[in-house]
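A.B. asks: Structure of the sequence below:
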Amino acid sequence: MSSARPVIQAQGLVKRYAEGAGDVLVLKGIELQLMPGDTLSIVGTSGSGKSTLLNLLGGLDRPSEGQVVVAGHDLAQLSESQRGTLRNRRMGFIYQFHHLLPEFTAVENVAMPLLIRGMAPAAARQQSRDMLAAVGLGHRLQHKPAALSGGERQRVAIARALVTQPALVLADEPTGNLDERTAAQVQDLMLQLNQQLGIALLIVTHDTSFARRCRQQLELHDGRLQPLTAPAAPTPAPDSHA
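C.D. replies: Presented below is the predicted three-dimensional model:
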């Protein structure tokens, strides 16, 4: 029997916001678990609470009730500084918009988390070059974001998320800002790197075709997670001989 522990586990997550005289309940007892190297997608309509959930899982916000444990650490028991260190060392983040720093080159952007960690600059640059090569951008190291295409910028963002060799990557609509062809290429790349590196990948997306490529597929509806339903079967064409 495998002794591997979950990379992330959420139990009984509730999130409510005060509004007027009452509360708005956004998340209602969320439960999920992700093992090393696993993939999990969460789909939902706009306003369903997907980004709120991701912020709780990443320790960027606190739940009203419940617990999030990342790499064996209960986020509620950590200080803000300790949560920041855990994010830097054990987690990577990919967003719909790349959030690259425009004044820095691709290799400098990717090196940033390593430099924040305290790695020597020469070692950080080398690790960043290797990661950019892994995402197919070894020839674009010295280009700034404005000189890169949308797909290339998102590849740089993926390299930045993976360069710290995290246990978990949280991705919020990672291909939502790309055209269909580029989105498919970036999706292929993320799933390929997941397999090669054994990094657990949790993707929040409105793209159900992308979601169905993950091993676990959930839908956030009315504040709760449920299995993603199968697409409806096509309606048979009427019999012309009837």
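A.B. asks: tally of neighbours for residue 127?
C.D. replies: For residue 127, the tally of surrounding residues (other C-beta atoms under 10 Å) stands at 18. (Glycine included, C-beta is placed from N, CA and C.)
A.B. asks: helices or strands up against whichever helix or strand it is part of?
C.D. replies: In this assignment (DSSP states H and E), residue 127 forms part of helix 121-134. Packed against helix 121-134 by the contact rule (3 or more C-beta pairs under 8 Å, 6 or more residues apart in numbering; DSSP states H and E) you find helix 106-117, helix 150-162.
A.B. asks: mind listing what's buried in the last one?
C.D. replies: Just to be clear, that refers to helix 150-162. Neighbour counts using 16 or more other C-beta atoms under 10 Å place 151, 152, 153, 154, 155, 156, 157, 158, 159, 160, 161, 162 of helix 150-162 among the buried residues.
A.B. asks: shaky segments in the chain?
C.D. replies: 1-3, 98, 230-242 (pLDDT under 70).
A.B. asks: Of the helices and strands packed on helix 121-134, give the one that comes closest to residue 126.
C.D. replies: Nearest of those to residue 126, taken as C-beta to C-beta: helix 106-117 at 9.2 Å.
A.B. asks: could the helices and strands packed on helix 121-134 go into TSV alongside distance to residue 46?
C.D. replies: Below are the helices and strands packed on helix 121-134 laid out as TSV (distance: least, C-beta to C-beta, whole Å):
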stretch	distance to residue 46
helix 106-117	29
helix 150-162	21
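A.B. asks: so which of those gets nearest residue 34?
C.D. replies: Here helix 150-162 is closest among the helices and strands packed on helix 121-134 (C-beta to C-beta), at 15.7 Å.
A.B. asks: for this structure, longest helix please?
C.D. replies: helix 180-197 (DSSP state H).
A.B. asks: re the thing from before, go through the helices and strands packed on helix 121-134 and name the closest to residue 24.
C.D. replies: Between the helices and strands packed on helix 121-134, helix 150-162 lies closest to residue 24; by C-beta to C-beta that is 31.2 Å.
A.B. asks: which secondary structure elements does that closest one contact?
C.D. replies: strand 91-95, helix 106-117, helix 121-134, strand 168-172, helix 180-197.
A.B. asks: contact partners of that helix?
C.D. replies: With contacts defined as C-beta atoms under 8 Å, 6 or more residues apart in numbering, helix 150-162 is touched by 92-95, 98-100, 106, 109-110, 112-113, 128, 131-132, 134-137, 140, 143, 145, 148, 169, 171, 174-175, 177-179, 182, 185-186, 189-190, 193, 197, 199.
A.B. asks: if you set the cut-off to 6 Å instead, what comes out?
C.D. replies: 92-94, 98, 100, 106, 109-110, 131-132, 135, 137, 145, 169, 178, 182, 186 (C-beta atoms under 6 Å, 6 or more residues apart in numbering).
A.B. asks: what sits against the nearest residue to residue 25 once chain neighbours are set aside?
C.D. replies: Among residues not flanking residue 25 along the chain, residue 16 sits closest, at 4.9 Å (C-beta to C-beta, 6 or more residues apart in numbering). Residue 16 makes contacts with 23, 25, 64, as judged by C-beta under 6 Å, 6+ apart.
A.B. asks: for the residues you listed, which one is nearest residue 117?
C.D. replies: Out of the contacts of residue 16, the member with the shortest distance to residue 117 (by C-beta to C-beta) is residue 64, at 31.7 Å.
A.B. asks: And the closest one, its phi and psi?
C.D. replies: phi -70, psi -40 (degrees, to the nearest 10).
A.B. asks: count of residues packed around residue 34?
C.D. replies: Neighbours of residue 34 using other C-beta under 10 Å come to 22.
A.B. asks: doesn't residue 8 make contact with it?
C.D. replies: Yes. Using C-beta atoms under 6 Å, residue 34 is in contact with residue 8, at 5.0 Å.
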